[in-house]
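Engineer: Provide a 3D model corresponding to the input given below.
(chains A and B)
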Amino acid sequence: MTINPDLQGRSYPATDSYVVSREKIREFARSVKAASAVHFDVEAATALGYRDLVAPPTFAIIVAQRADAQLVEDPEAGIDFSRVVHTSQRFTHHRPIIAGDELVAELHVDQVRAMGGGAMITTRAEISTIEGEKTATTTSSILVRGEGQ
Amino acid sequence: MGIVLSELETGQVIGSRTIEVTRADLVRYAGASGDFNPIHWNENFATSVELPGVIAHGMFTMGAAVQMVTDWAGDPAAVIDYQTRFTKPVPVADTTGTDEPGARIEVTGVIGAVDLDNSTVRVDLTVTAAEQKVLGKCQALVRVW
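Structural biologist: Predicted structure coming up:
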């Protein structure tokens, strides 16, 4: 299987929105062993000036990986998911993600670089609220291993 | 939040901690994140794709490592930028039914840069497992209000 080099520059529009719930913030926080009270206790969050529970710094990966799925599952892309290795990740927060936010993500394929029989693909998800407020920019690089890699 | 930028110096250690990881932690992270790739929970599948065994999600390690920074900052939302490279996998042994962890991840945070103009501090994290560096260029940018 070969990666389609024409993927570079392609973008995928925002599809279904993601509603950030208190319980998902609590569940995700526990799963990364985060202990801050602002993930669990609404009073603690409002005491720090937030409207509701605050998501941990890597929570946006949930929304970003849903957006990435559009690319990975695109038959034109030629990506074999079982050969995908996550090589780098970045989160830039324009404002915190708060329980009650309804988020959408627009996915951009910033770079496709052939590596051996495989390819390194860098994607960027621009995450905003459905009201259009910019929330986070996430950048992911994945290596799709070629045969024997 | 109790951090005074002008009192911070590059190279200063903000702390170290050990994160104990079990297979159950990986299942919990899979469920919470929606990343159900079987290399993170199925030994047969992991070895069939030439991995040493079940490995932690890179995003689990990244997400757990930053807790030292958010605890130091006193507010998780103070981390306005966070990046890393995944340099080595973290194999997690199956220790189900015992009190032993399947892996230990060691995290140390050091002040990498202080930016008085923008009121931010960069914390550089060194993250290892079994004495191997598992995250590279792991940097969190913290805004100090």
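
Engineer: Contact partners for B:Thr38?
Structural biologist: For residue B:38 the amino acid is Pro, not Thr. B:Pro38 makes contacts with B:Phe45, B:Ala46, as judged by C-beta atoms under 8 Å, 6 or more residues apart in numbering or on different chains. To be clear about C-beta, it is placed using only N, CA and C from the backbone, and glycine gets the same treatment.

Engineer: which ones are touching residue 139?
Structural biologist: You didn't say which chain, so I picked chain A. A:Thr139 makes contact with A:Ser88, A:Gln89, A:Arg90, A:Thr92, A:Asp110, A:Thr122, A:Thr123, A:Arg124, B:Gln83, according to C-beta under 8 Å, 6+ apart.

Engineer: Oops, wrong one, chain B.
Structural biologist: By C-beta under 8 Å, 6+ apart, the contact list for B:Gln139 reads B:Asp81, B:Tyr82, B:Gln83, B:Thr84, B:Gly112, B:Arg122, B:Val123, B:Asp124, B:Leu125.

Engineer: rewinding a little: from the contacts of A:Thr139, which would you call buried?
Structural biologist: For these, a burial check counting by 16 or more other C-beta atoms under 10 Å in any protein chain shown picks out A:Ser88, A:Gln89, A:Arg90, A:Thr92, A:Thr122, A:Thr123, A:Arg124, B:Gln83.

Engineer: any idea how far the closest residue in space to B:Thr84 that isn't next to it in sequence lies from chain A?
Structural biologist: Once flanking residues are discounted, B:Thr84 sits nearest to B:Cys138: 4.1 Å by C-beta to C-beta, 6 or more residues apart in numbering or on different chains. As defined by C-beta to the nearest C-beta, to the nearest Å, B:Cys138 lies at a distance of 10 Å from chain A.

Engineer: ok, which stretches of the chain are helices?
Structural biologist: Just so you know, I chose chain A. A:22-31, A:42-47, A:61-72 (DSSP state H).

Engineer: Not quite, go with chain B.
Structural biologist: Using DSSP H, the helices of chain B run over B:23-33, B:43-48, B:58-65, B:67-73.

Engineer: Would you mind finding the most buried of these?
Structural biologist: Most buried of the helices of chain B by mean neighbour count (mean count of other C-beta atoms under 10 Å in any protein chain shown) is helix B:58-65; its value is a mean of 26.

Engineer: Show me how far that one is from its chain's centre.
Structural biologist: Mean C-alpha position of helix B:58-65 versus that of the full chain (C-alpha atoms, centre = their mean, to the nearest Å) differs by 4 Å.

Engineer: Let me know the angle separating it from helix B:23-33.
Structural biologist: Helix B:58-65 runs at 100 degrees relative to helix B:23-33, counting by axes from the mean of the first three to the mean of the last three C-alpha atoms, to 10 degrees.

Engineer: What residues does chain A have near chain B?
Structural biologist: Residues of chain A lying close to chain B by C-beta under 8 Å from any C-beta of the partner chain are A:24, A:27-28, A:30-36, A:38-39, A:48, A:50, A:54-58, A:61-62, A:65-66, A:81-83, A:85-93, A:96, A:139.

Engineer: Out of those residues, which end up buried?
Structural biologist: Those of the residues of chain A next to chain B that meet the buried threshold are A:24, A:28, A:30-34, A:36, A:38-39, A:48, A:50, A:54-58, A:61-62, A:65-66, A:83, A:85-93, A:96, A:139, by 16+ other C-beta under 10 Å.

Engineer: Just the residues you listed: which are in strands?
Structural biologist: Using DSSP state E, the members of those that fall in strands are A:Val85, A:His86, A:Thr87, A:Ser88, A:Gln89, A:Arg90, A:Phe91, A:Thr92, A:His93, A:Thr139.

Engineer: Not counting its neighbours along the chain, what's nearest the third one?
Structural biologist: Of all residues beyond its chain neighbours, the one nearest A:Thr87 is A:Ser141 (4.6 Å), with distances taken as C-beta to C-beta, 6+ apart.

Engineer: Likewise for the second one?
Structural biologist: The spatially closest residue to A:His86, leaving aside those adjacent along the chain, is B:Gly58, at 4.8 Å (C-beta to C-beta, 6+ apart).

Engineer: do you know how far that neighbour is from B:Thr87?
Structural biologist: 10 Å (C-beta to C-beta, to the nearest Å).
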